[in-house]
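Asks: mind looking at a prediction? Sequence and model below.
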Amino acid sequence: MIEATLCFPLRDGADTGDERAGSRDGGTSPTEVLLIEKRRGLGEGWYNGPGGKLEDGETPRECAIRETREEVGLEIQPADLEKAGELTFLLDGEGHTFCHVYRTATFEGEPRPSPEARPEWVPIDDVPYDRMWDDDRLWLPGVLEGRTVAGEFRFEGGEPLDEAAFVDHDLEWDVEVVRER
Ligand SMILES: Nc1nc2c([nH]c(=O)n2[C@H]2C[C@H](O)[C@@H](COP(=O)(O)OP(=O)(O)OP(=O)(O)O)O2)c(=O)[nH]1
């Protein structure tokens, strides 16, 4: 099975460019998520979080940090990455991809585009699910609310996965995320 990661950087959109924003009451829960419009590979043309496949010898956490740096130029410290979920994608009854999902509200740098990705801050309550993988609307809202999830998503119709049909799923919320390394 392919092992992959996704990372969802979060911010309070009201803080953008406003030096005084720190003094506002409350405002601690993030309102925006950094998505990418994927420019090539699996899911090309769709929105997703930064992420990709693990390289040899890499932990999932290292992969999420590397992919976020490569795709959008943000720097994340390992301790600031919060494990949010584990998703298994099956294609025609066989395990295809196991995906570790992370989120973080702490990072350095400004998003910049790369050959793989065009980054865009998007309001958490206005995520473009109609331009994403079909299963994302089932689990991403909870992940953006701070919950943890374990999911299994079944696709049928052969490779590539992004052209197969999403047929059904199982989801469990507020789980202990198990495969952390
Ligand atoms: N949001 C979401 N992401 C998914 C789903 N299925 C799935 O593989 N992904 C993610 C996992 C990975 O982060 C990404 C695929 O890996 P990738 O970006 O490295 O794939 P690629 O074919 O472009 O790889 P490469 O040639 O650049 O190495 O897509 C899904 O249903 N929803």
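Replies: Nice, I can see it. Numbering: from 1, shown residues only.

Asks: shouldn't Leu87 be in contact with Thr148?
Replies: No. Using CB atoms under 8 Å, Leu87 is not in contact with Thr148, being 11.6 Å away. In short, each C-beta sits where N, CA and C put it, glycine included.

Asks: higher neighbour count, these two?
Replies: Legend: neighbour count by other CB atoms under 10 Å for Leu87 and Thr148, higher for Leu87 (22 against 18).

Asks: distance check, the more buried one against Gly146.
Replies: Going from Leu87 to Gly146 by CB to CB, to the nearest Å gives 17 Å.

Asks: count of residues packed around the nearest residue to Asp136 once chain neighbours are set aside?
Replies: Counting by CB to CB, 6 or more residues apart in numbering, Asp136 lies nearest to Tyr129, which is 6.1 Å off, once chain neighbours are set aside. By other CB under 10 Å, 15 other residues sit near Tyr129.

Asks: what sits against Tyr129?
Replies: 136-137, 140 (CB atoms under 8 Å, 6 or more residues apart in numbering).

Asks: mark which of these are part of helices, please.
Replies: 136-137, 140 (DSSP state H).

Asks: of the residues you listed, closest to the ligand?
Replies: Asp136 (4.7 Å; CB to the nearest ligand atom).

Asks: neighbours around the closest one, how many?
Replies: Neighbourhood size, Asp136 [other CB under 10 Å]: 21.
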